[in-house]
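J.: I'll drop the sequence and a predicted model, then ask my questions.
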Amino acid sequence: MHAFKCGLPVLDFVGTLRRRRNPDPQEMLTTPESLDVWFWESGLVDGAVGARPSDVTEAVALREAIFSLVSSALNKEEYDAEALALLNSAARGPSAVPQLTAQGRRVEATPRQALSSLAREAVRLLSGPDIELVKECSRPECTQIYLDRSHGGRREWCAMDPCGNRVKAAAYRARKKAARPRSARSHPASVSAARRT
């Protein structure tokens, strides 16, 4: 099951490598089937795209290029030339095209067309005003990048569940521990004295 909490499909796509700075990052795009499911769950397509192992490799490379470029934008650094070339190459390809049917809107695409749609969305994000709304989750264990459209731009986490809840719970426990009266805290000397009596 994939998570879609970042405000834009391309940022959710970047988030398919979870906890990327941790010693044990969690890769969500591990098989052609997982890539098919991500495309469908994201709303980019209305069915399986028929991904192959080579498409997974291409998707992961594009995802990492987008992450590099967004990180550079957040840190006000120059773009990596290879990442920029990869993004632009993917964006030049034909993208997924919606079609109107008797049942409503339908989008069918090849894996490359779906990736091109994501690349084009990344170009729009990086070259438009919304890049100023992009933040990285403030929970150290999480590295999700999200679009903050909250009032006053005060959102701190990619989502309340789990990140916001975990940060708030940890802060609550720290406050409770700090507020405990000194006498209520066990002191090693008093504990051993109590045991002797």
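T.: Done, it's in.

J.: can you give me the end-to-end distance of stretch 22-29?
T.: 17 Å (C-alpha to C-alpha, to the nearest Å).

J.: Ignore what I typed, I meant stretch 103-116.
T.: End-to-end for stretch 103-116, by C-alpha to C-alpha: 26 Å.

J.: What are the contacting residues of that stretch?
T.: The contact list for stretch 103-116, computed with C-beta atoms under 8 Å, 6 or more residues apart in numbering, reads 35, 39, 44-47, 49-52, 55, 58-59, 62, 90-100, 117. The C-beta positions use only the backbone N, C-alpha and C, and glycine is treated the same way.

J.: Out of those residues, which end up buried?
T.: Buried members of the contacts of stretch 103-116, scored by 16 or more other C-beta atoms under 10 Å, are 35, 39, 44-46, 49, 51, 55, 58-59, 62, 90-91, 95-96, 117.

J.: now, which of these sits nearest residue 82?
T.: Nearest to residue 82 out of the buried ones among the contacts of stretch 103-116 is residue 62 (C-beta to C-beta; 11.9 Å).

J.: these two touch, right, the closest one and residue 121?
T.: No - with contact defined as C-beta atoms under 8 Å, residue 62 does not count as touching residue 121 (11.4 Å).

J.: Now the common contact residues for those two.
T.: By C-beta under 8 Å, 6+ apart, no residue touches both residue 62 and residue 121.

J.: returning to that earlier point: in helices only, show me the contacts of stretch 103-116.
T.: Residues from those lying in helices, with DSSP state H as the criterion: 35, 39, 55, 58, 59, 62, 90, 91, 92, 117.

J.: Okay, now the unreliable bits of this structure?
T.: 1-3, 157-176, 181-197 (pLDDT under 70).

J.: Do a quick rundown of the helices in it.
T.: 9-14, 32-42, 53-74, 81-92, 111-127, 165-179, 188-196.

J.: TSV for the ones in helices among the contacts of stretch 103-116, including distance to residue 130?
T.: TSV is the format used below for these (distance: C-beta to C-beta, whole Å):
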residue	distance to residue 130
35	26
39	22
55	28
58	25
59	23
62	19
90	20
91	17
92	22
117	17
